[in-house]
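Engineer: Quick one, fold the following:
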Amino acid sequence: MVREILKLGNPKLYEISEEVTETDINYLSEWIRDLHDTLMDYRKTYGAGRAIAAPQIGIKKRLLYMFIDKAYVFINPVMSFPDNEKYTLMDDCMSFPGLMVKVERYKRATIDYLDENFKVQQMHLEGDLSELLQHEYDHLDGILATMRAVDNKSFFMEQMKRGF
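Structural biologist: Alright, predicted model coming up:
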């Protein structure tokens, strides 16, 4: 089901998410379906969107969903960085469509997580995928890209592509 994406300023976006536990298993497939449907609806409307965090649709759980060449589910992810190399880029977010924020992110990252079958997985990321999952991972800790702006002049509005 397509869920409403919480927008910038909603206090729920700034809360720290809780781990997915065994008691959540009955809800997990519904949450994943809702994340997928909401991401696909956003893509249809705005022509963008590769990943979404559960807190963005009001689910306060450590759960990420990414759809690039296929679906990826990240349950209770833990992110680490193999080195300190960073780069600056323009970041956007489904919680504030049209607003771009200049941020600094690690160039490389490793994410350890459980997949939708609760199997331990690890993914090594570089470049745009590293940035993407750092952005989504931040949502789990109540951190938005606006809070990572390199300075107070790092905000830009863009023209949005609409699917009509």
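
Engineer: now the strands for this structure?
Structural biologist: Assigned by DSSP state E, the chain shows strands spanning 51-53, 63-67, 71-80, 86-91, 99-106, 108-114, 120-126, 155-157.

Engineer: any chance of the ones you listed in a markdown table, with distance to residue 142, mean pLDDT and mean neighbour count too?
Structural biologist: C-beta here means a position set from N, CA and C on the backbone, and glycine is covered the same way. Formatted as a markdown table, the strands of the chain follow (distance: least, C-beta to C-beta, whole Å; pLDDT from 0 to 100; neighbours: other C-beta atoms under 10 Å):
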| stretch | distance to residue 142 | mean pLDDT | mean neighbour count |
| --- | --- | --- | --- |
| strand 51-53 | 11 | 98 | 26 |
| strand 63-67 | 14 | 98 | 23 |
| strand 71-80 | 15 | 98 | 18 |
| strand 86-91 | 16 | 96 | 14 |
| strand 99-106 | 16 | 97 | 18 |
| strand 108-114 | 19 | 98 | 19 |
| strand 120-126 | 22 | 98 | 13 |
| strand 155-157 | 20 | 95 | 11 |
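
Engineer: which residues of the protein score low on pLDDT?
Structural biologist: Counting by pLDDT under 70, the ranges of the chain that qualify are 159-164.

Engineer: quick one: the residue lying closest to residue 51 once chain neighbours are set aside and residue 49, what's the gap?
Structural biologist: Counting by C-beta to C-beta, 6 or more residues apart in numbering, residue 66 is the residue found nearest to residue 51 once chain neighbours are left out, at 3.9 Å. Residue 66 sits 10 Å away from residue 49, going by C-beta to C-beta, to the nearest Å.

Engineer: picking up where we left off before, ok, what's across the strand from the residue nearest to residue 51?
Structural biologist: When bridges are called by DSSP bridges, residue 66 pairs up with residue 51, residue 72.

Engineer: and it, what is it in contact with?
Structural biologist: Counting by C-beta atoms under 8 Å, 6 or more residues apart in numbering, residue 66 touches 50, 51, 72, 74, 132, 133, 136.

Engineer: Of these, which pair is most distant in space?
Structural biologist: The span of the contacts of residue 66, defined through C-beta to C-beta, is set by 50 and 74 at 13.0 Å.

Engineer: Burial check on residue 44, number of neighbours?
Structural biologist: Per other C-beta atoms under 10 Å, the neighbour tally for residue 44 reads 13.
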